[in-house]
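Asker: Requesting a structural model of the entry that follows:
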Amino acid sequence: MVGCANLPRVIRRALLLLLLAPLLGGCQDREARAQNADLTRRVEALERQLSAVQATQQSGLPTDAGRVTARAAAQNCANSLTRTLETYRQNSLDRRYPAPAQLEVPDACVDQRVNWLTRSADAYTFTVTDAAGRELARQGSQDGP
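Answerer: Numbering: from 1, shown residues only. Down below sits the predicted model:
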């Protein structure tokens with residue numbers, strides 16, 4: 001049997017590395033497993049955050065779109081009603097706005113809440129509000145308040 005002392009130095013180093021490789025590999029495996037576990041936890045946390053953001057965006061868009069649509073419909077009503085009032089006044093012999101019984105509400109205002117703040121033969125101011133009473137649009141005569 002040949003002893004280690006008789007082997008050339010290069011071969012001894014190679015044998016030493018072969019013997020240490022499983023030990024070093026075991027250390028690296030533990031470190032790699034720990035790193036993988038840490039990365040897995042981080043990825044799962046990021047996936048939860050992403051899901052939360054996506055849920056917020058999905059539920060937020062219809063609300064925003066509904067709010068924008070309600071404001072646009074209210075402004076359309078306000079513009080149509082103002083046009084109706086001003087047309088009546090221009091065609092009136094005494095240059096007055098219509099009395100409540102004379103006013104034909106435009107189709108754009110059928111499902112809207114119109115609140116009169118000022119309404120006389122000489123001036124008008126009104127708001128269009130939502131069901132909660134929040135003002136969505138406001139119009140007034142140029143001679144009025």
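Asker: who touches the residue nearest to S92 when sequence neighbours are not counted in this structure?
Answerer: Counting by C-beta to C-beta, 6 or more residues apart in numbering, P98 is the residue found nearest to S92 once chain neighbours are left out, at 7.9 Å. Every residue, glycine included, has its C-beta placed from N, CA and C. By C-beta atoms under 8 Å, 6 or more residues apart in numbering, the contact set of P98 is 85, 88, 92.
Asker: would P98 count as being in a helix?
Answerer: No - counting by DSSP: H, G, I helix; E, B strand; the rest coil, P98 is not part of a helix but coil.
Asker: Count the residues that sit near A123.
Answerer: 14 (other C-beta atoms under 10 Å).
Asker: And it, how far from P100?
Answerer: 14 Å (C-beta to C-beta, to the nearest Å).
Asker: what's the answer for R113, then?
Answerer: Separation of R113 from P100 (C-beta to C-beta) stands at 16 Å.
Asker: Pop out the phi and psi values for the closest residue to R138 other than its chain neighbours.
Answerer: Spatial nearest neighbour of R138, chain neighbours left out: T127 (4.8 Å); criterion: C-beta to C-beta, 6+ apart. For T127, the backbone dihedrals (degrees, to the nearest 10) come out as phi -120, psi 160.
Asker: Quick check: the gap between T127 and S92.
Answerer: Taking C-beta to C-beta, one finds T127 at 24 Å from S92.
Asker: These two: which is more packed in?
Answerer: Using other C-beta under 10 Å as the criterion, T127 and S92 rank with T127 on top: 19 against 13.
Asker: tell me the pLDDT at that one?
Answerer: Looking at T127, its pLDDT reads 97.
Asker: Please, which helix or strand holds the residue nearest to A99 when sequence neighbours are not counted?
Answerer: Excluding its sequence neighbours, the residue lying closest to A99 (C-beta to C-beta, 6+ apart) is A121, at 7.5 Å. If you go by DSSP states H and E, A121 is not part of any helix or strand.
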